[in-house]
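A.B. asks: predicted structure and sequence below. I'll ask about it afterward.
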Amino acid sequence: MTELRDLKYRQWFRGADVDGDGAITRQDVLLMAERYIAARGDAAQSATAHRLTAELDAFWTHVIMPMDQDGDGKVDLREMIEGFRRALTDSDLYPQQIQRVADCYFDLVDLDGNDRIDQSEFEQIFGLAANLPFEDCAAVFATLDLDGSGALDRSEFHQALAEFFYGNDPDAPANHLFGRVTD
C-alpha cells in the first residue's frame, strides 16, 4: 500500500509547494502559514499567527529540511516522498511528529473558537488555503465527520491527519483531505 501513501504525499506536496517551483523550501512553509492566516482573516501579529508560524518553522527544521538529501536547501517531490516513507512509519509517533502542527491548524480553522470545526469553517480554510477544490470540500468534510454531528472535534481532526499521513486503507475518508488523490 506504499503506492496509496505516495499518492497522498504527492497531493500534500502540491499544496506545500506554494510557489509551484517543484520543491519545498522554508519560504514555502512560511508562505503556507501566511496563506492560512490570510484565509482566516487574522492579523499577522496575532497570537494564533505567531504560534502557527513558529510551529511550521519547527516542522520545516525538524521534519522537512532533514529530507533534503542533496543539501540544496530544497526538498523536491522524490526527497519528500522518500523522507515521509522513512519518517512516517509508526502512527504511535503522531504526537511527536505531527500533532503540535495539527493542533495549530485546528485552532486556526476553528474560526469561532468553540473547539469544533463546522463545515463552513472547513470550507473557508481548506478551500482558500489548502488547495482543496471548493466542490470537494463538502464531500470531504462529510466523510471526516465520523459522528455525524456537523462538526469535527479535535479527535476527529487528529484521526483524519493520522489516517492521511500513516494510513494504507484505500477507502479511508481522510485520503482526500488535501484534495482528490489521483494517479
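C.D. replies: Happy to help now that I have it.

A.B. asks: could you pull out the strands for this protein?
C.D. replies: Secondary structure of the chain (DSSP state E): strands located at 23-24, 75-76, 116-118, 151-153.

A.B. asks: name the strands paired with the third one and say parallel or antiparallel.
C.D. replies: Spelled out, it's strand 116-118. Using DSSP bridges, strand 116-118 pairs in its sheet with strand 151-153 (antiparallel).

A.B. asks: in a markdown table: the strands of the chain, plus mean pLDDT and distance to A38.
C.D. replies: (C-beta placed from N, C-alpha, C; glycine too.) Compiled in a markdown table, the strands of the chain are given as follows (pLDDT from 0 to 100; distance: least, CB to CB, whole Å):
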| stretch | mean pLDDT | distance to A38 |
| --- | --- | --- |
| strand 23-24 | 97 | 19 |
| strand 75-76 | 98 | 24 |
| strand 116-118 | 96 | 18 |
| strand 151-153 | 96 | 22 |
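
A.B. asks: adding mean neighbour count and distance to D6, write those strands out as JSON lines.
C.D. replies: JSON lines is the format used below for these (neighbours: other CB atoms under 10 Å; distance: least, CB to CB, whole Å):
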{"stretch": "strand 23-24", "mean neighbour count": "22", "distance to D6": "16"}
{"stretch": "strand 75-76", "mean neighbour count": "24", "distance to D6": "14"}
{"stretch": "strand 116-118", "mean neighbour count": "21", "distance to D6": "28"}
{"stretch": "strand 151-153", "mean neighbour count": "20", "distance to D6": "26"}
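
A.B. asks: any chance of these in JSON lines, with distance to R14 too?
C.D. replies: JSON lines is the format used below for the strands of the chain (distance: least, CB to CB, whole Å):
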{"stretch": "strand 23-24", "distance to R14": "10"}
{"stretch": "strand 75-76", "distance to R14": "13"}
{"stretch": "strand 116-118", "distance to R14": "22"}
{"stretch": "strand 151-153", "distance to R14": "23"}
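
A.B. asks: for those, which one sits closest to A49?
C.D. replies: Nearest to A49, of all those, is strand 116-118, at 18.0 Å by CB to CB.
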